[in-house]
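> Build me a model from this:
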Amino acid sequence: MSTSSGAAAPIKVPAYEPADVIAEVPTGKINHAEERRMARQIEQGAPADIFISANPDWMDHLEGRGTIKAARRINLLGNSLVLIGGAAEPAPRFEEAQSFAKGRIAMGMTRAVPAGIYGRAALESLGLWPALRGRIVETDNVRAALALVSRGEARYGVVYASDAVADPKVRVLLGFPDDSHDPIIYPAVSLSEQGADVLAFLQSEAAWRVFEAQGFLKVGARP
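Residues are numbered from 1 along each chain as shown. Just a heads-up that it's a prediction; the model follows:
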């Protein structure tokens, strides 16, 4: 996510990520988009006050290009990866691919969407990818995968814990082991003085209580 400078400064944030909390901040408009597009916009000089990414690689890219200052960058939030199903769906076992009932498995694009990248890595680490890959339905974003499960169009979904909290029609069947994928971190950077004030609020206990209720995790502040 990002916010731009000025009276109506936008905040650039990942699509469907921690926007509910950020929307409560009395700043300018919030821009939701795919991380790569937002990073490219900032790199090309698009005005913004804050950039929050669900993919640390794009923040590293901007820092490596000198577009952002490392001293203004923090790790704002963390998350965990879960397997979801319908409210009455029994939980399979990670130890046995055959325990997964027939049906589609929805997840973000495994080469482009952060949740899909983490999900594929986790399934590969657990030895499940070869058996399940033919059932994977890749979506443009993680909330689209959530929606497929919610509507009963996919049997399982691989999403963030914060996504599972957002939909009462699904339940968490299993949590992926932390060591099955890279840590899920949301780095943030302030790009203006106004952005620095907003970022300070997002690190406050008041903001954290809302983030925690939405399923996010605390992480160390510095990358």
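
> Helix or strand for the residue most central in space within the chain, just tell me which one.
The centroid of the chain falls nearest to Ala54 when counting by CA atoms, centre = their mean (4.7 Å). Counting by DSSP states H and E, no helix or strand carries Ala54.

> Now the phi/psi pair for it, please.
Per-residue torsions, Ala54: phi -90, psi 0 (degrees, to the nearest 10).

> count of residues packed around Arg133?
13 (other CB atoms under 10 Å). In this view, the C-beta of every residue, glycine as well, is placed from N, C-alpha and C.

> got the contact list for it?
Leu123 (CB atoms under 8 Å, 6 or more residues apart in numbering).

> 10 Å instead?
Contacts here follow CB atoms under 10 Å, 6 or more residues apart in numbering; on that basis Arg133 touches 105, 110, 120, 123-124.

> Then Asp57?
Neighbours of Asp57 in contact, by CB under 10 Å, 6+ apart: 35-36, 39, 114, 117, 187.

> ok, of the residues you listed, which one's closest to Asn141?
Distance to Asn141, by CB to CB, is smallest for Pro114 among the contacts of Asp57, at 9.5 Å.

> Dihedrals phi and psi, that closest one?
phi -50, psi -50.

> That one against Ile184, yeah?
Yes. If you go by CB atoms under 10 Å, Pro114 and Ile184 touch, sitting 7.8 Å apart.

> any residues in contact with both of these two?
Common neighbours of Pro114 and Ile184 (CB under 10 Å, 6+ apart) are 54-56, 79, 160.

> and the two most separated of those residues?
Maximum pairwise distance in the shared contacts of Pro114 and Ile184, criterion CB to CB, is 14.9 Å, between Pro56 and Tyr160.

> And these two? Which one has more around it.
Higher neighbour count among Pro56 and Tyr160: Tyr160, with 27 against 20, using other CB under 10 Å.

> Report the contact partners of the more buried one.
Counting by CB under 10 Å, 6+ apart, Tyr160 touches 16-17, 54, 79-82, 108, 114-115, 118-119, 142-143, 146, 166, 184, 214-216.

> Please apply the same query to Pro90.
99, 101, 173.

> Any regions of the protein where pLDDT drops low?
1-30, 32-33, 220-223 (pLDDT under 70).

> what sits against the residue of it positioned farthest from its centre?
The centre of the chain is farthest from one residue, Gln98, which by CA atoms, centre = their mean lies 28.9 Å away. By CB under 10 Å, 6+ apart, the contact list for Gln98 reads 92, 131.

> before we move on, what about Glu89?
83, 101, 103, 149, 155-156, 170-171, 173 are the contacts of Glu89 under CB under 10 Å, 6+ apart.

> That one looks like it's in a strand, true?
No. Secondary structure of Glu89 (DSSP: H, G, I helix; E, B strand; the rest coil): coil, not part of a strand.

> Mind checking which of the contacts of Asp57 are in strands?
When the contacts of Asp57 are checked against strands (DSSP state E), the matches are Pro187.

> Give the PyMOL command for selecting the buried subset of the contacts of Asp57.
Buried members of the contacts of Asp57, defined by 16 or more other CB atoms under 10 Å, are picked up in PyMOL with:
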select buried, resi 35+39+114+117+187
